[in-house]
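[1] I would like to see how this sequence folds:
(one chain, ligands or ions: 1)
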Amino acid sequence: MSYAHEQKTKIRVRLREKEIKKEPHVNTTNINYLLQKAEFELEKLIGVENVKAMVREIYAWVHINRCREKHQLKTEAHSMHMIFKGNPGTGKTTAARLVGRLLKDLGYLSKGHFIEAERADLVGEYIGQTAQKTRELLQKAHGGVLFIDEAYALNRGGEKDFGKEAVDTLVKAMDEGNHSFILILAGYSKEMEQFITLNPGLPSRFPIQLDFPDFSMDQMMMIAENMLQSRDYVWTIDAKEKLKKKLDDQKGRAREPFSNGRAIRNAIEKAIRSHAVRIVKEQTEKDIDALKTLTERDF
Ligand SMILES: Nc1ncnc2c1ncn2[C@@H]1O[C@H](COP(=O)(O)OP(=O)(O)OP(=O)(O)O)[C@@H](O)[C@H]1O
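    Below you'll find the model as predicted:
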């Protein structure tokens, strides 16, 4: 999407947002506006076609439910708990936050806020502590999204560990929850699959399971360009080639999994700092071009 087109869409969305504030409820007319707003958010994401398809499916379902209600046809709330599988930096957290915001817009979640947790936030050291910790977390997440990263760590402690108690408390909350929150479990693909197999009650409680594959080099360059644009920077062709090579080298190092979007963000932020040092040192005038252009020397 071109910069001008993006600005126009933003203005259109803001105007419609102002109008909508006057409307107390989402209705079948403004579902189109909400869809447009969602599309605008989705456009910022590179790849992740399965996430986009899932969001569109939920919008269509809500829309049709509203139309059915008008005709006194039955509708029911569906469970929306999700499992996200993929390597670091492939967009799981970004997608989970987006899901919270969009489902709030649609009126499915009352707040749409985002609570991120890991094993230590749920599992205690003494008898009784785990259920209490997990329940407190669930209370915080009420009306929003509870995102548990590296969820399989809950199963790591062996037979006597309290992790199982945390899983049981989560399952109970899902069963009783009346769709008052969304639980998203995330982590590496292989480990998540093992975790689900080890807990037979889990698969049926997570109707939405999505894979987040590593990004291709072209996708990584699009993500980098978006990151630069949103920070008011541009880069030279040589700078782009240098980043490509850097990311390729990092991917080749097999010691730890490549961190995809996070590796790109770190490289961009580092280049921005190096650019600042270079520009401070250079005795030339700090005109707009110099201030916004990253060169190959900055990467
Ligand atoms: N599809 C995407 N399009 C554009 N940017 C993305 C996309 N996915 C991730 N990013 C960017 O990459 C960075 C890391 O993404 P995020 O934290 O969502 O990944 P993650 O899978 O949750 O990682 P981890 O499992 O390590 O927490 C963020 O800056 C995010 O904006």
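[2] Show me the helices in the stretch 1-150 of the chain, by range?
    For the stretch 1-150 of the chain, helices defined by DSSP state H, counting those that start in this stretch occupy the ranges 3-21, 30-43, 49-70, 92-105, 119-122, 129-140.
[3] residues from the stretch 51-200 of the chain in reach of the ligand?
    86, 88-94, 149 (CB under 6 Å from any ligand atom). (C-beta placed from N, C-alpha, C; glycine too.)
[4] Those into a markdown table, with extra columns for neighbour count and distance to Glu39?
    Formatted as a markdown table, those follow (neighbours: other CB atoms under 10 Å; distance: CB to CB, whole Å):
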| residue | neighbour count | distance to Glu39 |
| --- | --- | --- |
| Gly86 | 22 | 23 |
| Pro88 | 20 | 27 |
| Gly89 | 22 | 24 |
| Thr90 | 26 | 21 |
| Gly91 | 21 | 17 |
| Lys92 | 26 | 21 |
| Thr93 | 19 | 21 |
| Thr94 | 16 | 16 |
| Asp149 | 18 | 28 |
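[5] Pull the contacting residues for the residue in the stretch 51-200 of the chain positioned nearest to the ligand.
    Residue nearest to the ligand within the stretch 51-200 of the chain: Gly91 (2.6 Å; CB to the nearest ligand atom). Gly91 makes contact with 45, 47-48, 51, 212, 260-261 under the criterion CB atoms under 8 Å, 6 or more residues apart in numbering.
[6] between the helices of the stretch 1-150 of the chain, which gets nearest to Glu176?
    Proximity to Glu176 (CB to CB) singles out helix 129-140 among the helices of the stretch 1-150 of the chain, at 10.0 Å.
[7] who does the closest one touch, helix- and strand-wise?
    strand 114-117, helix 119-122, helix 163-176 (3 or more CB pairs under 8 Å, 6 or more residues apart in numbering; DSSP states H and E).
[8] immediately after the longest one, which helix or strand?
    It stands for helix 163-176. Sequence-wise, the next helix or strand downstream of helix 163-176 (DSSP states H and E) is strand 182-187.
[9] Which of the helices of the stretch 1-150 of the chain has the highest mean neighbour count?
    Mean neighbour count, computed with mean count of other CB atoms under 10 Å, is highest for helix 92-105 among those, reaching a mean of 21.
[10] Let me know the angle separating that one from strand 182-187.
    Counting by axes from the mean of the first three to the mean of the last three CA atoms, to 10 degrees, helix 92-105 lies at 170 degrees to strand 182-187.
[11] Give me the distance from helix 92-105 to the chain's centre.
    6 Å (CA atoms, centre = their mean, to the nearest Å).
[12] Now name the helix or strand holding whichever residue of the chain sits closest to the ligand.
    Residue nearest to the ligand within the chain (CB to the nearest ligand atom): Gly261, separated by 2.0 Å. In this assignment (DSSP H and E), Gly261 forms part of helix 260-281.
[13] what comes into contact with that helix?
    87-91, 94, 214-215, 220, 223-224, 227-228, 231, 233, 239, 243, 246-247, 250, 259, 286, 290-291, 294-295, 297-299.
[14] Could you tell me which residues within that helix count as buried?
    260-261, 263-264, 267-268, 271, 275 (16 or more other CB atoms under 10 Å).
[15] Check which element follows that helix along the chain.
    Sequence order places helix 288-292 as the next helix or strand after helix 260-281, per DSSP H and E.
[16] Now do the next helix or strand after that following helix, average pLDDT.
    Next helix or strand after helix 288-292 toward the C-terminus (DSSP H and E): strand 293-294. Averaging pLDDT along strand 293-294 gives 96.
[17] Check stretch 103-110 too.
    Averaged across stretch 103-110, pLDDT comes to 89.
[18] what's the burial count for Ser110?
    Neighbour count of Ser110, defined by other CB atoms under 10 Å: 13.
[19] residue contacts, it?
    So Ser110 contacts 104, 143, 180 (CB under 8 Å, 6+ apart).
[20] Recalculate using a threshold of 6 Å.
    Ser110 sits next to Gly143 when contact means CB atoms under 6 Å, 6 or more residues apart in numbering.
[21] per-residue confidence at the residue of the chain closest to the ligand?
    96.
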